[in-house]
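Engineer: Only the shape, not the letters, is given here:
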């Protein structure tokens, strides 16, 4: 799938992560309808299979309908790659915050310091 030519630098961690996101999107976008967008059914499947753990970190719990409505910026009932990235970004940011909260809790348990 990746079109990297042999002369290039090896892919970085971040670039590999980008490749994986693109590959995962295509695994779901190819299932029905337009090959390069997600239908609501494809989005739902992707969220259930690929975001089962991390979607929980997003503070305001939303339904698939609500997520679809939020992401579908141009209102064509299809989620483009760019629109899907909004969800990935949101979940990644929420997960980042969650990790810091967990760290803070662990530090508090170790030191018994109370920050006021």
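Structural biologist: Structure received. All values reported here derive from a predicted model rather than from experimental measurement.
Engineer: Distance from the chain centre to the longest helix along the chain, please.
Structural biologist: Across the chain, the helix with the greatest residue count (assigned by DSSP state H) is helix 81-111. Taking CA atoms, centre = their mean, to the nearest Å, one finds the center of helix 81-111 at 12 Å from the center of the full chain.
Engineer: Which residue is the nearest non-sequential neighbour of the most centrally placed residue in the chain?
Structural biologist: A centroid search over the chain (CA atoms, centre = their mean) returns residue 88, at 2.4 Å, as the residue closest to the centre. Spatially, and ignoring its direct neighbours in sequence, residue 88 is nearest to residue 21 (6.3 Å; CB to CB, 6 or more residues apart in numbering). Every C-beta, even on glycine, is put in place using the N, C-alpha and C of the backbone.
Engineer: pLDDT value on residue 43, please?
Structural biologist: What the model reports for residue 43 is a pLDDT of 96.
Engineer: likewise residue 72?
Structural biologist: pLDDT at residue 72 comes out at 93.
Engineer: residue contacts, it?
Structural biologist: Residue 72 makes contact with 78, 79, 83, according to CB atoms under 8 Å, 6 or more residues apart in numbering.
Engineer: Pretty sure the last one sits against residue 73.
Structural biologist: Yes - distance between residue 83 and residue 73: 5.8 Å, which falls inside the contact criterion (CB atoms under 8 Å).
Engineer: The two: who's more crowded?
Structural biologist: Shown here are residue 83 and residue 73; by other CB atoms under 10 Å, residue 83 has more neighbours (19 against 11).
Engineer: show me what contacts the closest residue to that one other than its chain neighbours?
Structural biologist: Leaving aside its chain neighbours, residue 83 sits nearest to residue 71 (4.6 Å; criterion: CB to CB, 6+ apart). The contact partners of residue 71, by CB under 8 Å, 6+ apart, come to 43, 79, 83, 84, 86, 87.
Engineer: Among the residues you listed, the buried ones, what's the PyMOL command?
Structural biologist: Of the contacts of residue 71, the buried ones go into a single PyMOL selection, burial set by 16 or more other CB atoms under 10 Å:
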select buried, resi 43+79+83+84+86+87
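Engineer: Distance to residue 37 for the contacts of residue 71 - can I get that in JSON lines?
Structural biologist: Output for the contacts of residue 71, formatted as JSON lines (distance: CB to CB, whole Å):
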{"residue": "43", "distance to residue 37": "9"}
{"residue": "79", "distance to residue 37": "6"}
{"residue": "83", "distance to residue 37": "8"}
{"residue": "84", "distance to residue 37": "9"}
{"residue": "86", "distance to residue 37": "14"}
{"residue": "87", "distance to residue 37": "14"}
